[in-house]
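A.B. asks: Show me the folded form of this:
(2 chains)
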There are 2 protein chains.
Amino acid sequence: MSKTAEILCVGTEILLGNITNTNATFLSQELSLLGFNVFHHTVVGDNPERLAQAVDTALSRCDLLITTGGLGPTYDDLTKQTVARALGLEMELHEDILADLRARWESRGKVMTKNNEQQAWFPKGCTIIPNDWGTAPSCAIEKDGHTVIMLPGPPREMKNIWNKYVAPMLAAKQDEVLVSRYCRVVNIGESALEDRLYDLLKNSTNPTVAPYAGGGETMLRVTAKAKTREEAYAMTIPVVQAIADECGDDLYAVDQDCMEQVVVELLHELGMKVCTCESMTGGLIAGRITNIPGASDVFECGLVTYSNRIKHKLAGVAVKTLDEHTAVSLETAAEMAQGALALSGASVAVSITGVAGPDDTPEGEVGTVFVGLAGPLGVRSAKVDMLRSRDRAYNRNLATVKALDALRLYLLEIKRDR
Amino acid sequence: MSKTAEILCVGTEILLGNITNTNATFLSQELSLLGFNVFHHTVVGDNPERLAQAVDTALSRCDLLITTGGLGPTYDDLTKQTVARALGLEMELHEDILADLRARWESRGKVMTKNNEQQAWFPKGCTIIPNDWGTAPSCAIEKDGHTVIMLPGPPREMKNIWNKYVAPMLAAKQDEVLVSRYCRVVNIGESALEDRLYDLLKNSTNPTVAPYAGGGETMLRVTAKAKTREEAYAMTIPVVQAIADECGDDLYAVDQDCMEQVVVELLHELGMKVCTCESMTGGLIAGRITNIPGASDVFECGLVTYSNRIKHKLAGVAVKTLDEHTAVSLETAAEMAQGALALSGASVAVSITGVAGPDDTPEGEVGTVFVGLAGPLGVRSAKVDMLRSRDRAYNRNLATVKALDALRLYLLEIKRDR
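C.D. replies: Coordinates of the predicted model:
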């Protein structure tokens, strides 16, 4: 059976919102990978009563407690004493650590202040874990079936100690590992996807399947637990296949980071170069593609044809088209793609035109969007299925995803035709 | 006496480390500004027993409980039911919300799936808070001296509801008001700024002055507390003036959101139109400018001249320049701006070329960046002062800010010359 772990972060600066608790994120990821169930994160300030209560509560419900923060030299660093009290342990001075601390100060030509001595006091019977990047050593205690590991608050020190000492120590004790795989889906919303994959999601235990929505996409995480990494991976395969069968081409990536990465890889594979011609997204499509290292091999140029004058002058959209159909139309999208392809000499072009908001325009309501494509399969354009929103940034982002997706599907068709 | 507030975030994705709990950071900052003491953050997963226990524990020790997450349509969205049970309240269906949800689906030509209905069920006697940016409405309940406010998990929806409805509601109940003003600074790092404004930062109590760094900028938040909004605002004036005196033109905005907003306003004021010509930033400068509503009046066109061929063909950079100085040079940046200006017919042009990383290129080391300008003050180019990083996304973002800043200073000079 999986053991449970809990993360307790100590620091008033987190409760004031001065820093974001990225330590909890890191430790959660790491603990999941090691096969621990993490059921609680707690944050308390540098306050002895509330810290003591949080330690007691955590120890009553978990096997492994990881704390961060409160190991330093100041009067409000209280984690070690508080944990010791909760476990019924005395504190003891480690003379070697004290000597080491003094030597550090002397090497900088200074005399150590008295308050620093508390960094050499530890709960009796604990294992000291060195802190190569800071002054406050870390420690681990095992008692009554519980393990408590106390880490410093600064993320850089905490991660270094974790990676170098704690993770190997915990991995050696685990008899199961977790493997997670990420299935990224477009064009099917979270609730529709859940509806279609109801049995898979509802009854998933090992592997588990969990959906996350955001940025115009839905991600399904498939996580399997087994004795070995290979065995866990093998368990994910039929589940990923079931998702692929249900979603078809709307499953745009498994184990890849983002849509633009998939697009760049397809372009590489096909030996093609793309150009973009954007109106409402104003450069965001080009911006996303060129964020992928190596994009320069497949990205030829981008045009942001914002005004009608420039749509005509640069992308060659006919004045008649703009007059008869407006700039936000199937016809304009098609001519933008065609014109950009001709101007740039790229092998494929994607275009987009629409109304980003917040206000409606004479060309159309907010969220009216058309995407165009030009390349070896000819010129195409289509109306984009958007969600109803007046949020300009949201609409621009969603339109960017939809345009990248249209380009991906066009490239996939070329790939299959070959 | 200050009231205590507590933040309870619901979501297995946080416990797995798939997302960082930035909601807790935002809410902590906001609650502090409203004068609440925040003593605990808790995160639990989408599990009814643990959620119920966390709600009970929180209600036993705070006046105001804010929850995030678990309001959506899926079977594991349980927050409303669980809070209702903890407070001894029944759930009731709101027909008007149900009708509204159905209408949203129908407007997209789809039939609402059954599971979405639970978004129309709420604890009896609660106040419904609209969610303008998402489907799951939020709600607030007052009972037995406690207030519970349930917000959705997606940060964008949560922040919108908070700013528009919840913060004003809570502020109306407080007997002091807080006014915050935001001073945005470029080109001076956080620690240098802290050094230069040491007395102001160190001794600030009311108003308080707090620095936040990120995205290539430093923001100073000046917050005053008083009986009335007018009184609090008046208290901020001398502090903002002291910051302005110290920072000069590096203070690019007070009470404005971002650099591109300032640039768009300057262009409007001067009656000028801009075009962009980007290499390393690949469309991000155009993307930022066009994200401002009304940008279409001042943004003429954008070019993403990624390949040397296109730099020559579209932006008219001489082959000789590219051969002798490479694409990453003062000379290329200048010719890109000049060529884009000529091609577009805009009144000012900004260009950028550089090495985004992660790897060095024959043209230069990662982080070598040149910005160019062309317009009524003539053609200029300069090397950009970047921080040392191999992170492609970071470098592209910082270069974007620097290019926007160069454009801003060019426009300021035009404004002062008039």
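A.B. asks: Report the backbone C-alpha coordinates of the lowest-mean-pLDDT helix or strand in chain A in PDB.
C.D. replies: None of the helices or strands of chain A scores lower by mean pLDDT, DSSP states H and E than strand A:208-214, at a mean of 80. Provided in PDB are the C-alpha atoms of strand A:208-214 (Å, rounded to 0.1, in the frame of the first residue of the first chain):
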ATOM      1  CA  THR A 208      -5.700   6.900 -12.800                       C
ATOM      2  CA  VAL A 209      -6.900   9.400 -15.400                       C
ATOM      3  CA  ALA A 210      -7.500  13.000 -14.500                       C
ATOM      4  CA  PRO A 211      -8.500  16.000 -16.700                       C
ATOM      5  CA  TYR A 212      -7.200  19.600 -16.500                       C
ATOM      6  CA  ALA A 213      -8.500  22.400 -18.700                       C
ATOM      7  CA  GLY A 214      -6.800  25.700 -19.500                       C
END
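A.B. asks: and that strand, what does it pack onto?
C.D. replies: Using 3 or more C-beta pairs under 8 Å, 6 or more residues apart in numbering or on different chains; DSSP states H and E, the elements in contact with strand A:208-214 are helix A:190-196, helix A:198-202, strand A:217-226, helix B:12-15. Every residue, glycine included, has its C-beta placed from N, CA and C.
A.B. asks: ok so A:Ser296 is a helix residue?
C.D. replies: Yes. Judged by DSSP: H, G, I helix; E, B strand; the rest coil, A:Ser296 forms part of a helix.
A.B. asks: Spatially nearest residue to it (excluding sequence neighbours)?
C.D. replies: B:Tyr306 (6.0 Å; C-beta to C-beta, 6 or more residues apart in numbering or on different chains).
A.B. asks: Name all residues that make contact with the one you found.
C.D. replies: Neighbouring residues of B:Tyr306 by C-beta atoms under 8 Å, 6 or more residues apart in numbering or on different chains: A:290, A:295-296, A:299-302, B:279, B:282.
A.B. asks: Just put those residues in TSV and tack on neighbour count.
C.D. replies: Formatted as TSV, the contacts of B:Tyr306 follow (neighbours: other C-beta atoms under 10 Å in any protein chain shown):
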residue	neighbour count
A:Thr290	29
A:Ala295	23
A:Ser296	18
A:Phe299	26
A:Glu300	24
A:Cys301	27
A:Gly302	30
B:Ser279	30
B:Gly282	30
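A.B. asks: Make a markdown table from those residues and add distance to A:Leu341 and secondary structure to it.
C.D. replies: A markdown table is the format used below for the contacts of B:Tyr306 (distance: C-beta to C-beta, whole Å; DSSP: H, G, I helix; E, B strand; the rest coil):
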| residue | distance to A:Leu341 | secondary structure |
| --- | --- | --- |
| A:Thr290 | 18 | coil |
| A:Ala295 | 18 | helix |
| A:Ser296 | 19 | helix |
| A:Phe299 | 14 | strand |
| A:Glu300 | 10 | strand |
| A:Cys301 | 11 | strand |
| A:Gly302 | 13 | strand |
| B:Ser279 | 21 | coil |
| B:Gly282 | 19 | coil |
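A.B. asks: how close does the residue nearest the centre of chain A sit to chain B?
C.D. replies: Computing the C-alpha centroid of chain A and ranking residues by C-alpha atoms, centre = their mean puts A:Asp257 first, at 8.8 Å. According to C-beta to the nearest C-beta, to the nearest Å, A:Asp257 stands 12 Å off from chain B.
A.B. asks: and the helices and strands packed on strand A:208-214, which is most packed in?
C.D. replies: helix B:12-15 (a mean of 23; mean count of other C-beta atoms under 10 Å in any protein chain shown).
A.B. asks: Is it in proximity to chain A?
C.D. replies: Yes. Using C-beta under 8 Å from any C-beta of the partner chain, helix B:12-15 reaches chain A at B:12-15.
A.B. asks: Let me see the mean pLDDT of that helix.
C.D. replies: The predicted model gives helix B:12-15 an average pLDDT of 92.
A.B. asks: With just CA atoms, put that helix into PDB.
C.D. replies: Only the C-alpha atoms of helix B:12-15 are listed here, as PDB (Å, rounded to 0.1, in the frame of the first residue of the first chain):
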ATOM      1  CA  THR B  12      -5.800  17.200  -6.600                       C
ATOM      2  CA  GLU B  13      -3.700  18.900  -9.400                       C
ATOM      3  CA  ILE B  14      -2.100  21.100  -6.700                       C
ATOM      4  CA  LEU B  15      -1.200  18.100  -4.500                       C
END
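A.B. asks: After it, heading C-terminal, what element do we hit next?
C.D. replies: Sequence-wise, the next helix or strand downstream of helix B:12-15 (DSSP states H and E) is helix B:22-33.
A.B. asks: show me the contacts for the residue nearest to the centre of chain A.
C.D. replies: A:Asp257 touches nothing, counting by C-beta under 8 Å, 6+ apart.
A.B. asks: Can you read off the backbone torsions of it?
C.D. replies: phi -80, psi -40 (degrees, to the nearest 10).
A.B. asks: still on that earlier bit, any chance of a markdown table for the contacts of B:Tyr306, columns pLDDT and distance to B:Leu322?
C.D. replies: Output for these, formatted as a markdown table (pLDDT from 0 to 100; distance: C-beta to C-beta, whole Å):
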| residue | pLDDT | distance to B:Leu322 |
| --- | --- | --- |
| A:Thr290 | 96 | 19 |
| A:Ala295 | 93 | 19 |
| A:Ser296 | 91 | 14 |
| A:Phe299 | 97 | 18 |
| A:Glu300 | 93 | 16 |
| A:Cys301 | 95 | 15 |
| A:Gly302 | 97 | 19 |
| B:Ser279 | 97 | 11 |
| B:Gly282 | 97 | 18 |
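A.B. asks: so which of those would you say is closest to B:Thr368?
C.D. replies: B:Ser279 (11.9 Å; C-beta to C-beta).
A.B. asks: Run through the bridge partners of the closest residue to that closest one other than its chain neighbours.
C.D. replies: In space, and not counting its chain neighbours, B:Ser279 is closest to B:Thr353: 4.1 Å by C-beta to C-beta, 6+ apart. Judged by DSSP bridges, the bridge partners of B:Thr353 are B:Phe370.
A.B. asks: Tell me the pLDDT of B:Thr353.
C.D. replies: B:Thr353 is given a pLDDT of 97.
A.B. asks: that older thread, just give me the closest of the contacts of B:Tyr306 to B:Lys225.
C.D. replies: Nearest member of those to B:Lys225, counting by C-beta to C-beta, is B:Gly282, at 44.7 Å.
A.B. asks: so what's the residue nearest to that closest one when sequence neighbours are not counted up against?
C.D. replies: Closest residue to B:Gly282 apart from its sequence neighbours, by C-beta to C-beta, 6+ apart: A:Thr290 at 2.8 Å. By C-beta under 8 Å, 6+ apart, the contact list for A:Thr290 reads A:296, A:299, A:302, B:281-283, B:304, B:306, B:396.
A.B. asks: measure A:Thr290 to B:Pro362 for me?
C.D. replies: Applying C-beta to C-beta, to the nearest Å, the value for A:Thr290 to B:Pro362 is 19 Å.
A.B. asks: ditto for A:Leu178
C.D. replies: For A:Leu178, the distance to B:Pro362 - C-beta to C-beta - is 44 Å.
A.B. asks: so how many other residues sit close to the nearest residue to A:Ser32 once chain neighbours are set aside?
C.D. replies: Spatially, and ignoring its direct neighbours in sequence, A:Ser32 is nearest to B:Leu16 (5.2 Å; C-beta to C-beta, 6+ apart). The tally of other residues near B:Leu16 (other C-beta atoms under 10 Å in any protein chain shown) stands at 24.
A.B. asks: doesn't A:Asn37 make contact with B:Leu16?
C.D. replies: No. Look at B:Leu16 against A:Asn37 with C-beta atoms under 8 Å: they stay out of range, at 9.8 Å.
A.B. asks: Which one's more surrounded, A:Leu178 and B:Pro362?
C.D. replies: Neighbour totals were compared for A:Leu178 and B:Pro362, and A:Leu178 leads with 23 against 8 (other C-beta under 10 Å).
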